[in-house]
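> Here is my input, please return the structure:
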Amino acid sequence: YWRDAALGHAHPFWMDRTAESETAAQRDAVRAAFEQIRSAPALRMAPHPDVRVQEGPAVSGSEIVLEHRLVRPGEAAGVRYLYDVDLVALVRLAPHHASVPGLFEAYNRSSPPVGLPEFLTALATAIAQQWLRWCDKY
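A predicted model of the protein is given here:
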């Protein structure tokens, strides 16, 4: 509704509500992905075929450095961290683990440890944002 109004009436009132609506839709997608993770008998994940790991700029201390980032076609910057979870590491590890506890443990052994709530939120967001996808085979 908000998006339709914004298309017909280019006014900040409608444009602001379109942004809020997309944020709500993103939250709903993350919740749905979390429920899918919670109810699945096993994790069966793979990186989405459109997602690539490429070097991109990042700030480290007082320097600009290149780091690996998840990038989709048409995106310039990509993403690396979400809730202190290294998404590049998460996407690389996910296909090799059939359970959330196994994936969580492997992640915390190979990367700076994070809490379970942050990890689960990042995992659900990775599915909602289609950085990871469910697949039929391990």
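
> Strands along the protein, start to end?
With DSSP state E as the criterion, the chain has strands at 45-47, 52-60, 63-71, 81-82, 85-86, 132-134.

> Which positions in the first one come out as buried?
Within strand 45-47, the residues that qualify as buried by neighbour count (16 or more other Cβ atoms under 10 Å) are 45, 47. For glycine as for every other residue, the C-beta is placed from the backbone atoms N, C-alpha and C.

> For residue 94, give me its contacts.
Residue 94 makes contact with 43, 45-47, 103, 123, 126, 132 under the criterion Cβ atoms under 8 Å, 6 or more residues apart in numbering.

> Tabulate the strands of the chain (CSV), appending distance to residue 116.
Shown next, in CSV, are those (distance: least, Cβ to Cβ, whole Å):
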stretch, distance to residue 116
strand 45-47, 18
strand 52-60, 25
strand 63-71, 22
strand 81-82, 15
strand 85-86, 11
strand 132-134, 18
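
> burial count for residue 133?
Neighbour count of residue 133, defined by other Cβ atoms under 10 Å: 16.

> Please, where are all the helices along the protein?
Under the criterion DSSP state H, helices of the chain are mapped to 2-8, 12-39, 87-93, 100-110, 116-128.
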